[in-house]
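**Student:** Below are the sequence and a predicted model; questions follow.
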Amino acid sequence: MLSHAVQTSFGLVDTFWVGKLSPSAVAALTMSGHIIFLLMTVLAGVSTGTMVLVARAVGAKDRVAASRAAEQALLLTFIIAALMGILGFVFAPHILSQLTTDAETLELGTGYMRVMFVGIFTLVALYMVSAIMQGAGDASTPMKLVVGAAIANFFIDPMLIFGVVFPKLGVTGAAWSTVFTRGGAGVIGLLLLLRGRPAIRIRTILPRLDPQLMMRMVRIGLPTSVMVVLHQVIGLIMIVIVSRYFGTHAMAGYGIGMRIHSLAWMPTFGLAIAAGTLVGQNLGANKPDRAERSGYLGAAWCTAVMFVMALIAFVFAPLLVATFNNDPNVVEIGTSFLRFTALALVFSGVWIGFSRSLSGAGDTVTPLKIAVVSAIIHVCVAVGLSATIGLEGVWISFLVGDCVGMILAAVCFRRGKWKYKKV
């Protein structure tokens, strides 16, 4: 849980320091972050496929199969990263220009994106190393890696952004800090896997290509990638609605609100990933009843944590937003967002808990179907209500979409078809 929390904190730290620059800088960071995450969503599928195969192999006590899956996952990840890095660097300004017409935001966002794509290998290495170790049941090592990287990022970020010791780089300084700190942790993680110190050992990071095993990963993880793409597309649609029709201050307030939401999601995603790993390992050990209990327990904890986070977000909304940017208009809009969407956090806790358990069992298609239905409703409500009641209509769409996802995920998990999923 802490490992996932700290990984998410990179975006929060960037927003905290960049927020000291200007609303345009925050808007640029928000837009660029969404685009980068959208392009990297294919790795979410590889990550899910890897975790499922490694967890099943570990549950069946087949360490050779687990290591082979890890090696092929790393190779596939590096191939994808090379393609994304080239395309992302070249088309960064063209993509951003579809989201904003503000010249300053476009310039700042382009610089940030290009640095991130130059260092794409450093981003994906830590991401995949963590997935491999978590699939093997080792949550401690990824936690130590990301905690070290996050601490370094917190101190290096302002030094590069504001020019302390280093040249003043502004928004791009946040990107360079992320690349350097995550890259160092990723290299250490790869060395640990090669030496076999955690729960799994690999022989090489460039193994002979095994297309059949890679296709198994892709087949298992593709629905997850599509689902994450869907969530990011929704995020981009919300950005277009907010930035084009309500202005830069609204975009900054919404962006900060979403960063605070990511803070609330930190422990929840960590718990959900842990529950999904337990589900996969118990199914691999032919213990479906224990797998079911793991899923229910994970969803319960996710819901409880999200309730606490929602309460904090509602009560302390103005203070939380002002921590990132104290512009009165930004604080007002960010506070409105957090208070309107507090209950949506609770709904998403149930949804995330059950969906990750389904994915951990190898059933990645059902969560995708749920996400599609929720997304269609979310966008329709946002477009319809924003035209009639303004920004509050966009906020309400989060409530409706997450409520639908919660109900569908709970029903699908209870049916129990995932217990018989073959991977």
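**Tutor:** It's in.
**Student:** quick one: the helix or strand Leu87 falls within to chain centroid distance?
**Tutor:** Using DSSP states H and E, Leu87 sits within helix 63-96. Distance, stretch centre to chain centre, for helix 63-96: 16 Å (CA atoms, centre = their mean, to the nearest Å).
**Student:** Ok, stretch 245-260 next?
**Tutor:** On CA atoms, centre = their mean, the centre of stretch 245-260 falls 19 Å from the chain's centre.
**Student:** that older thread, give the other helices and strands that the helix holding Leu87 contacts.
**Tutor:** helix 23-39, helix 41-59, helix 103-118, helix 120-135, helix 211-246 (3 or more CB pairs under 8 Å, 6 or more residues apart in numbering; DSSP states H and E). (Each C-beta comes from the backbone N, C-alpha and C, glycine too.)
**Student:** mind putting the ones you listed in CSV, mean neighbour count, mean pLDDT and distance to Leu76 included?
**Tutor:** Compiled in CSV, these are given as follows (neighbours: other CB atoms under 10 Å; pLDDT from 0 to 100; distance: least, CB to CB, whole Å):
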stretch, mean neighbour count, mean pLDDT, distance to Leu76
helix 23-39, 25, 78, 16
helix 41-59, 26, 78, 6
helix 103-118, 21, 88, 19
helix 120-135, 25, 83, 9
helix 211-246, 19, 80, 5
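**Student:** Same list, those, but as CSV with distance to Val164 please.
**Tutor:** Shown next, in CSV, are the helices and strands packed on helix 63-96 (distance: least, CB to CB, whole Å):
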stretch, distance to Val164
helix 23-39, 17
helix 41-59, 33
helix 103-118, 18
helix 120-135, 22
helix 211-246, 31
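**Student:** Can you check which of those gets nearest to Leu278?
**Tutor:** Leu278 lies closest to helix 41-59 among these, at 8.5 Å (CB to CB).
**Student:** Report the inter-axis angle for that closest one versus helix 211-246.
**Tutor:** Taking axes from the mean of the first three to the mean of the last three CA atoms, to 10 degrees, one finds helix 41-59 and helix 211-246 inclined to each other by 140 degrees.
**Student:** Helix 41-59 packs against which elements?
**Tutor:** Going by 3+ CB pairs under 8 Å, 6+ apart, helix 41-59 lies up against helix 63-96, helix 120-135, helix 211-246, helix 248-284, helix 342-360.
**Student:** what is the mean pLDDT for the next helix or strand after the longest one?
**Tutor:** Which is helix 248-284. Per DSSP H and E, the first helix or strand lying C-terminal to helix 248-284 is helix 288-315. If you average the pLDDT over helix 288-315, you get 89.
**Student:** which other residues reach the helix or strand that helix 288-315 is followed by?
**Tutor:** Following helix 288-315 in sequence order, the next helix or strand is helix 317-324 (DSSP H and E). With contacts defined as CB atoms under 8 Å, 6 or more residues apart in numbering, helix 317-324 is touched by 15-16, 19, 26, 253, 256-257, 259-260, 313, 330-331, 334-335, 338-339.
**Student:** List the residues that contact the closest residue to Leu76 other than its chain neighbours.
**Tutor:** In space, and not counting its chain neighbours, Leu76 is closest to Met214: 5.2 Å by CB to CB, 6 or more residues apart in numbering. Met214 makes contacts with Gln72, Leu75, Leu76, as judged by CB under 8 Å, 6+ apart.
**Student:** Buried ones only from the residues you listed, please, as a ChimeraX command.
**Tutor:** Selection of the buried residues among these in ChimeraX, burial being defined by 16 or more other CB atoms under 10 Å:
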select :72,75,76
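**Student:** Which single one of the contacts of Met214 is nearest to Ser294?
**Tutor:** For these, the residue nearest Ser294 by CB to CB is Gln72; the value is 26.7 Å.
**Student:** ok, now how distant is the closest one from Gly360?
**Tutor:** Using CB to CB, to the nearest Å, Gln72 is found at 20 Å from Gly360.
**Student:** Then Met51?
**Tutor:** Applying CB to CB, the value for Met51 to Gly360 is 7 Å.
**Student:** Spit out the residues that contact the two alike.
**Tutor:** Counting by CB under 8 Å, 6+ apart, the common neighbours of Met51 and Gly360 are Gly276, Thr277, Gly280.
**Student:** Who wins on neighbours among these?
**Tutor:** Neighbour counts for the shared contacts of Met51 and Gly360, by other CB atoms under 10 Å, peak at Gly280, which reaches 30 neighbours.
**Student:** Can you tell me the closest non-neighbouring residue to that residue?
**Tutor:** Spatial nearest neighbour of Gly280, chain neighbours left out: Ala55 (3.5 Å); criterion: CB to CB, 6+ apart.
**Student:** Hmm, the one you found is touching Ala285, no?
**Tutor:** No. Contact between Ala55 and Ala285 fails when scored by CB atoms under 8 Å: they sit 10.2 Å apart.
**Student:** How about the contacts made by the residue nearest to Gly280?
**Tutor:** Gly135, Ala136, Gly137, Thr277, Gly280, Gln281, Gly284, Gly360.
**Student:** hmm, which two among the residues you listed are most spread apart?
**Tutor:** Top of the distance list for the contacts of Ala55 (CB to CB): Ala136 and Gly360, 13.5 Å.
**Student:** backbone phi and psi for Ser97, please?
**Tutor:** phi -70, psi -20 (degrees, to the nearest 10).
**Student:** Distance check, the residue nearest to it when sequence neighbours are not counted against Ser24.
**Tutor:** Closest residue to Ser97 apart from its sequence neighbours, by CB to CB, 6+ apart: Leu106 at 6.1 Å. Distance, Leu106 to Ser24, using CB to CB: 10 Å.
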